[in-house]
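> okay, structure incoming, though there's no sequence with it:
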């Protein structure tokens, strides 16, 4: 919770400073920004930007179970289920977090995910395809990778980053829209045709930039989770697991669209460099190379 508070306070501070600066500069340019002022606009954008992300975060575990059909292991009924639960328990103790729920979802692709609004109230799930494709050492590494996401608080941080980016997109698009409407289109109240045209365009442009930033963080957290997987399960096991994901990355991904950023393997971050800006995962080759360099 301390991390959430500091993150939000930092970004609120940035927006407050920008608001103060613009309230000083705007009158000097003969511009009056909206009847509610910059502070009102800032509050509105911050609330709208964060509300959706926070609701998604708090509903993430329920939504993940429903969208993937994950069955939580309440009472293990096989040796595999016993091993999965005990492995997750051991890894959770190693990183000092509460025992997550452990589940299995029916999916032919080898995949796994971790989600939850709190690192002590998380869910770790693996696909039937992963259990059928990988050996025990490789599954252990995948579980360690997912525990890494939980221990690092990646689900919370990703939601906060997305919320803050949403707020900044709304805020800057509307501030610039009012300025252009007044200066270029000579509107008296700043809400003429120039405002709406500019805002619509900037929502798209700034939204693309914001998406690139969010996806950069998503790729960064995958590298960190790989490091944790190597630490908890062993570097060779983690590299072997990533290698086993390569064939699946060339086939259609059966994960629900909303869960792809939380899965261990999205697949296709290779190819045209511009496309990589919007990939939630680094390429498997990049991830393997990073692990190999760290051990060198």
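Cool, the structure landed. In this text the structure is predicted, and so the values were computed from the model without any measurement.

> hey, let's count contacts and neighbours off CA atoms from now on
Fine.

> quick one: the helices in the stretch 151-296 of the chain?
Remark: helices assigned in the stretch 151-296 of the chain by DSSP state H, counting those that start in this stretch are 154-183, 193-233, 235-249, 273-276, 284-295.

> mean confidence score for the longest one?
Translated: helix 193-233. Averaged across helix 193-233, the pLDDT comes to 93.

> ok so, going back, mean neighbour count and distance to residue 60 added to the helices of the stretch 151-296 of the chain, as JSON lines?
Formatted as JSON lines, these follow (neighbours: other CA atoms under 10 Å; distance: least, CA to CA, whole Å):
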{"stretch": "helix 154-183", "mean neighbour count": "22", "distance to residue 60": "9"}
{"stretch": "helix 193-233", "mean neighbour count": "19", "distance to residue 60": "16"}
{"stretch": "helix 235-249", "mean neighbour count": "20", "distance to residue 60": "25"}
{"stretch": "helix 273-276", "mean neighbour count": "12", "distance to residue 60": "26"}
{"stretch": "helix 284-295", "mean neighbour count": "15", "distance to residue 60": "26"}
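
> make a markdown table out of the ones you listed and add distance to residue 131.
Below are the helices of the stretch 151-296 of the chain laid out as a markdown table (distance: least, CA to CA, whole Å):
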| stretch | distance to residue 131 |
| --- | --- |
| helix 154-183 | 24 |
| helix 193-233 | 17 |
| helix 235-249 | 12 |
| helix 273-276 | 29 |
| helix 284-295 | 19 |
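
> doesn't residue 103 lie inside a helix?
No - Residue 103 is assigned strand when assessed by DSSP: H, G, I helix; E, B strand; the rest coil, not a helix.

> who does it form a beta bridge with?
Here residue 103 sits in beta bridges with residue 72, residue 125, going by DSSP bridges.

> for it, give me its contacts.
Listed by CA atoms under 8 Å, 6 or more residues apart in numbering, the contact set of residue 103 reads 70-73, 123-126.

> and if you look at residue 277?
212, 215-216.

> which one of those residues is nearest to residue 102?
Closest to residue 102 out of the contacts of residue 277 is residue 215 (26.6 Å), distances taken as CA to CA.

> residues contacting the closest one?
Counting by CA under 8 Å, 6+ apart, residue 215 makes contact with 277-281.

> hmm, residue 126 is touching residue 108, no?
No - using CA atoms under 8 Å, residue 126 is not in contact with residue 108, being 11.0 Å away.

> so which of those two has more stuff around it?
Neighbours per residue (other CA atoms under 10 Å) separate residue 126 from residue 108, with residue 126 holding more: 26 against 17.

> filter the contacts of residue 103 down to the buried ones and hand me the PyMOL line.
In PyMOL, a selection of the buried entries from the contacts of residue 103 looks like this (16 or more other CA atoms under 10 Å):
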select buried, resi 70+72+73+123+124+125+126
